[in-house]
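In: quick one: sequence and predicted model below, then my questions.
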Amino acid sequence: MPFVLLYLVVEIVALVALASWIGVGYTLLVLLAGSVLGLWLARREGLRAVRAMTEAARDHRVAHVEMTDGLLIAMGGLLLLVPGLVTDVAGLLLLLPPTRSLVRRRMVREAERRSPVLRTARIRGDGSIVDGFIVDDVVDGPGFPYSPTARPALPAVVEGRVVEGELGEGPVVEGEIVDGPDVDGRRAS
């Protein structure tokens, strides 16, 4: 309840201050123009965010930046729907890409401070994922982009150990990469 009262006081003070400075008619015009501009920006930036998320999904990338931008655009649109001058200004600021970028970095930094696992997930998710590996550079050539018949020499992590070099064709059994059948039906290395 105190938050709602504080919100009302701040909005009334801002409206009265603006109306006393430029007049009631121009204050109403500013509110109307802010709403129209905000709705146009929300639509444009929302469509841009959806396109960016679609492109990230098509490129098999983790879309953490795009998802955060979409969340901030939705918050900006919601602030525009709440009546008041201060919330309109805050919503417009969230819809502008430079200020949204600043807010996004601050949000990510705060979330990573509270949960360090998020930083590890973001760092490991910054490449394309091919067959369980994170690949920084996709090589063009025969068999690339990646296909099961052409295996690139990529490091792999097998039960906490990094295995360097070209991987065998077989599956991983008990932490070892195995290539052929064993006498008891299992695969041997």
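Out: Cool, the structure landed.

In: just the helices in this structure please.
Out: Using DSSP state H, the helices of the chain run over 2-22, 24-58, 64-81, 85-95, 97-114, 117-124.

In: report the buried residues of the fourth one.
Out: Yep, that's helix 85-95 we're talking about. 85, 87, 88, 90, 91, 92, 94, 95 (16 or more other CB atoms under 10 Å). For the C-beta atoms, the positions are set from N, CA and C on the backbone; glycine is no exception.

In: repeat for the second one
Out: Taking 16+ other CB under 10 Å as the neighbour-count basis, helix 24-58 is seen to contain the buried residues 27, 30-31, 34-35, 38, 41-42, 45-46, 49, 52-53, 56.

In: that helix packs against which elements?
Out: helix 2-22, helix 64-81, helix 85-95 (3 or more CB pairs under 8 Å, 6 or more residues apart in numbering; DSSP states H and E).

In: so where's the chain shaky on pLDDT?
Out: By pLDDT under 70, the low-scoring segments of the chain are 119-189.

In: can I see the domain layout of it?
Out: The record's domain split for the chain, according to automatic domain parsing, is 2-123, 128-189.

In: one step back: got CSV for the helices and strands packed on helix 24-58, with distance to residue 117 too?
Out: Shown next, in CSV, are the helices and strands packed on helix 24-58 (distance: least, CB to CB, whole Å):
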stretch, distance to residue 117
helix 2-22, 31
helix 64-81, 13
helix 85-95, 27
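
In: kindly provide the distance from residue 10 to residue 93.
Out: 16 Å (CB to CB, to the nearest Å).

In: same check, this time on residue 33
Out: 16 Å.

In: and if you look at residue 106?
Out: Residue 106 is 13 Å from residue 93, by CB to CB.

In: kindly report the same for residue 63.
Out: Per CB to CB, residue 63 is found 23 Å from residue 93.

In: again, but for residue 78
Out: 13 Å.

In: residue 34 too?
Out: Distance from residue 34 to residue 93, by CB to CB: 11 Å.

In: same check, this time on residue 76
Out: Applying CB to CB to residue 76 and residue 93 gives a distance of 8 Å.

In: thought residue 38 was touching residue 89?
Out: No - Residue 38 lies out of contact with residue 89 (CB atoms under 8 Å); the separation is 9.6 Å.

In: want to throw the buried residues of helix 24-58 into a markdown table with distance to residue 21?
Out: Listed next are the buried residues of helix 24-58 as a markdown table, based on distance: CB to CB, whole Å:
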| residue | distance to residue 21 |
| --- | --- |
| 27 | 9 |
| 30 | 11 |
| 31 | 14 |
| 34 | 16 |
| 35 | 20 |
| 38 | 21 |
| 41 | 25 |
| 42 | 27 |
| 45 | 30 |
| 46 | 33 |
| 49 | 35 |
| 52 | 39 |
| 53 | 42 |
| 56 | 45 |
